[in-house]
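[1] Let me see the structure of the following:
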Amino acid sequence: MTEMSFNEEDKLKMIEFLNMVAKHARLDLDTQEVIQYFKLLSHMQQKILPKIDANILEVKRVIEPKPIAATEEVKIAKGKKA
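    Residues are numbered from 1 along each chain as shown. Next up, the predicted model:
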């Protein structure tokens with residue numbers, strides 16, 4: 001994983017930022033600017049966040065395979081189902 005890779009913290013910070021702007025920003029906008037603001041906010045929520053989520057490159061969990069028992073190996077080698 002490199003410094004330029006997304007991680008879960010990046011996603012959470014993006015959500016925190018969007019929520020902060022949506023709830024607390026005081027903007028002096030005319031009607032067209034308000035429409036543009038909500039289009040941009042919607043785009044961030046519907047397009048950018050899913051892309052960040054899809055490109056998170058961190059290992060969350062490693063699952064070790066269960067070892068095959070010696071008797072199962074013999075059955076498999078003989079062509080029988082375990």
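
[2] From here on, just use CA atoms for contacts and neighbour counts.
    Will do.

[3] Where does pLDDT dip in this structure?
    In the predicted model, the chain carries pLDDT under 70 at residues 1, 58-59, 69-82.

[4] hey, which helix is longest across it?
    helix 8-24 (DSSP state H).

[5] so after it, what's the next helix or strand?
    Proceeding N to C from helix 8-24, the next assigned helix or strand is helix 31-43, under DSSP states H and E.

[6] Leu41 against Asn19, yeah?
    No - between Leu41 and Asn19 there is no contact under Cα atoms under 8 Å: 9.7 Å.

[7] who has more neighbours, the two?
    The neighbour comparison of Leu41 against Asn19 (other Cα atoms under 10 Å) goes to Leu41, with 17 against 14.

[8] got the contact list for the residue at minimal distance from the centre of the chain?
    Closest to where the C-alpha atoms of the chain average out (Cα atoms, centre = their mean) is Asp53, at 2.3 Å. Contact analysis of Asp53 by Cα atoms under 8 Å, 6 or more residues apart in numbering lists 8, 11.

[9] ok, it to Glu3 distance?
    16 Å (Cα to Cα, to the nearest Å).

[10] for Glu33, same thing?
    For Glu33, the distance to Glu3 - Cα to Cα - is 35 Å.

[11] Give me the more crowded residue out of those two.
    Each of Glu33 and Glu3 has its neighbours counted (other Cα under 10 Å); Glu33 has more, 12 against 6.
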